[in-house]
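Visitor: Pasting the sequence and the predicted model now:
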Amino acid sequence: MLIVGIAGGTGSGKTTVVRKVMEKLPDEDVIVIPQDAYYKDNGQISLEERQKINFDHPDSLEFSLLIDQLNRLKLGYNIEMPVYSYLTCLRAKETIIVRPARVVLVEGILILADSGLREILDIKVFVDADADDRLGRVIQRDIVERGRSLMTVLQRYHDTVKPSHLQFIEPSKRYADIIIPGGGENQVGIEVLISIIEKHLI
């Protein structure tokens with residue numbers, strides 16, 4: 001099993017990179033494990049308090065569960081991946097059964113920020129993008145997909161997203177084996193990553 005970590009700032013184009021990689025690989029050979037599924041369950045606090053959580057801080061994630069489940073996949077076991085809702089900031093009662101595959105793409109902003117997780121990644125990728133471009137994508141995504149107002153998105157970006165990016169995400173770039181500048185539009189960088197994965201499959 002080849003485990004590929006794909007990190008980068010919010011709105012950098014990680015999802016686009018993952019999609020383009022998956023388009024080139026047989027469906028049965030690759031699975032995606034999103035970091036977002038492993039946010040801690042916050043059922044013990046009110047919705048108002050949950051909406052103030054800094055989801056760009058490593059403390060918001062249950063890395064131990066993600067690492068344990070990746071190790072179980074490596075051993076050939078199915079896992080029950082959590083389902084997390086950004087609307088309620090809670091884990092759902094249902095889970096998603098994920099079966100082992102030859103390639104596992106682990107995608108998320110803080111994938112390279114945890115030393116324990118880095119140890120089990122075979123390839124570490126950082127998707128880099130201009131801050132203004134990232135902000136534009138964040139505004140569009142959070143309004144359309146997460147039901148937030150423009151002012152809420154901008155306030156959150158100023159209060160938590162940008163500071164956390166500078167403190168945790170940008171510094172994690174130094175651990176990357178491959179850096180893809182320009183986000184999901186860098187076809188050459190994506191092709192390099194695909195070719196490395198394909199060599200593993202052969």
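Guide: Everything's here; your move.

Visitor: what comes into contact with the helix or strand bottoming out on mean pLDDT in the chain?
Guide: Each helix and strand of the chain was given a mean pLDDT (mean pLDDT, DSSP states H and E); the minimum falls on helix 47-50 at a mean of 78. Defining contact as CB atoms under 8 Å, 6 or more residues apart in numbering, one finds that helix 47-50 is touched by 42, 88-90. Bear in mind the C-beta positions are built from the backbone N, C-alpha and C, glycine included.

Visitor: which regions of this structure sit below the pLDDT cut-off?
Guide: 145 (pLDDT under 70).

Visitor: switch the cut-off to 90
Guide: Judged by pLDDT under 90, the chain has its weakly predicted residues at 10-13, 26-28, 41-56, 85-93, 129-161, 182-185, 200-202.

Visitor: residue boundaries of the helices in it?
Guide: 14-23, 47-50, 63-74, 115-119, 131-144, 150-156, 162-164, 187-201 (DSSP state H).

Visitor: Tell me which other helices or strands the longest strand along the chain touches.
Guide: The single longest strand within the chain, with elements called by DSSP state E, is strand 90-98. In terms of contact count using 3 or more CB pairs under 8 Å, 6 or more residues apart in numbering; DSSP states H and E, strand 90-98 is assigned the packing partners strand 79-85.

Visitor: Of all the residues in the strand it packs on, which ones are buried?
Guide: 79, 81-82, 84 (16 or more other CB atoms under 10 Å).

Visitor: circling back: show me how far the longest strand of the chain is from its chain's centre.
Guide: Per CA atoms, centre = their mean, to the nearest Å, the displacement of strand 90-98 from the mean C-alpha position of its chain is 17 Å.

Visitor: Other residues contacting it?
Guide: Applying CB under 8 Å, 6+ apart, the set of residues contacting strand 90-98 from outside is 31, 33, 37, 39, 41-43, 50, 69, 73, 78-85.

Visitor: again, only this time at 10 Å
Guide: By CB atoms under 10 Å, 6 or more residues apart in numbering, the list of residues contacting strand 90-98 from outside reads 31-33, 37-43, 47, 50, 62, 69, 72-73, 78-85, 104.

Visitor: For these, I'd like a selection string for PyMOL - just the buried members, please.
Guide: Selection command for PyMOL covering only the buried members of the contacts of strand 90-98, criterion 16+ other CB under 10 Å:
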select buried, resi 31+32+33+37+38+39+40+42+69+73+79+81+82+84+104
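
Visitor: quick one: which two of the contacts of helix 47-50 are the most distant?
Guide: The largest distance within these, taken as CB to CB, falls between Asn42 and Thr88 and amounts to 9.1 Å.
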